[in-house]
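Visitor: Starting from these lines, generate the structure:
(one chain, ligands or ions: 2)
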Amino acid sequence: MRHLPYFCRGEVVKGFGRGSKELGIPTANFSEQVVESFPSDISTGIYYGWACVGNGDVHKMVLSIGWNPFYKNIKKSVETHIIHAFKDEFYGEILSIVIIGYIRSEKNFSSIEALISAIQEDIEEAKRQLDLPEHLKLKEDNFFHLPEGKTVNH
Ligand code: ADP
Ligand code: MG
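Guide: Ligands and ions are numbered 1, 2, ... in the order given. Purely as a prediction, here's the structure:
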């Protein structure tokens, strides 16, 4: 797929309270500015890749690129669910991601249960894909290793 792998870094901002935490699937939202910097022809849908908060460990992630209904379908949102149990929230921190592969297009679901089980399947697919040697190697990419003592401006 065009544009992949795609490297991206930006601040984690407040989303629109879709209750993803209540679903047990929090998604770290990028700012509008970061979303606008994405290639405009990148397909909407669900992707897998690697993610890192600040200069913490690199974890598996699933990511959604889609149209936010709160913006009347004008603004895209880019949201990362990191496959790791964090103790705290990390709003305001810098999230670094590499988007590696596409899982599926956006879908409508008739119930919350159907949505949750689809996301759980996406997570399982992401875990399997990311264990493949060609995907595992991006976990060690220099992109995730910020030089000592330097901070990222945003
Ligand atoms: P919002 O609508 O503000 O994006 P969410 O319910 O989607 O709220 O929760 C996202 C927030 O939860 C993130 O910004 C982050 O601070 C926190 N969080 C905790 N654990 C994770 C995780 N595993 N993946 C993504 N975000 C997480
Ligand atoms: Mg979110």
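
Visitor: what stretches of this protein score poorly on pLDDT?
Guide: Within the chain, the segments meeting pLDDT under 70 span 18-19, 69-72, 146-154.

Visitor: so I46, which of the three states?
Guide: Three-state call for I46 (DSSP: H, G, I helix; E, B strand; the rest coil): strand.

Visitor: Tell me the residues of the chain that contact ligand 1?
Guide: Listed as neighbours of ligand 1 in the chain under the rule CB under 6 Å from any ligand atom: 12, 14-18, 20-21, 26-29, 81-82, 84, 86, 89-91. The C-beta positions use only the backbone N, C-alpha and C, and glycine is treated the same way.

Visitor: Please provide the alpha-carbon coordinates for stretch 89-105, formatted as PDB.
Guide: Provided in PDB are the C-alpha atoms of stretch 89-105 (Å, rounded to 0.1, in the frame of the first residue of the first chain):
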ATOM      1  CA  GLU A  89      -3.100   8.700  31.100                       C
ATOM      2  CA  PHE A  90      -0.600  10.400  28.900                       C
ATOM      3  CA  TYR A  91      -2.300  13.500  27.500                       C
ATOM      4  CA  GLY A  92       0.200  16.100  26.400                       C
ATOM      5  CA  GLU A  93       3.000  13.500  25.800                       C
ATOM      6  CA  ILE A  94       4.600  12.900  22.500                       C
ATOM      7  CA  LEU A  95       3.400   9.700  20.700                       C
ATOM      8  CA  SER A  96       5.700   8.300  18.100                       C
ATOM      9  CA  ILE A  97       4.300   5.700  15.700                       C
ATOM     10  CA  VAL A  98       5.200   3.800  12.600                       C
ATOM     11  CA  ILE A  99       2.200   2.600  10.600                       C
ATOM     12  CA  ILE A 100       3.100  -0.700   8.800                       C
ATOM     13  CA  GLY A 101       0.100  -2.400   7.400                       C
ATOM     14  CA  TYR A 102      -3.600  -2.200   6.700                       C
ATOM     15  CA  ILE A 103      -6.100  -4.500   8.400                       C
ATOM     16  CA  ARG A 104      -9.600  -3.400   7.100                       C
ATOM     17  CA  SER A 105     -11.700  -0.500   6.000                       C
END
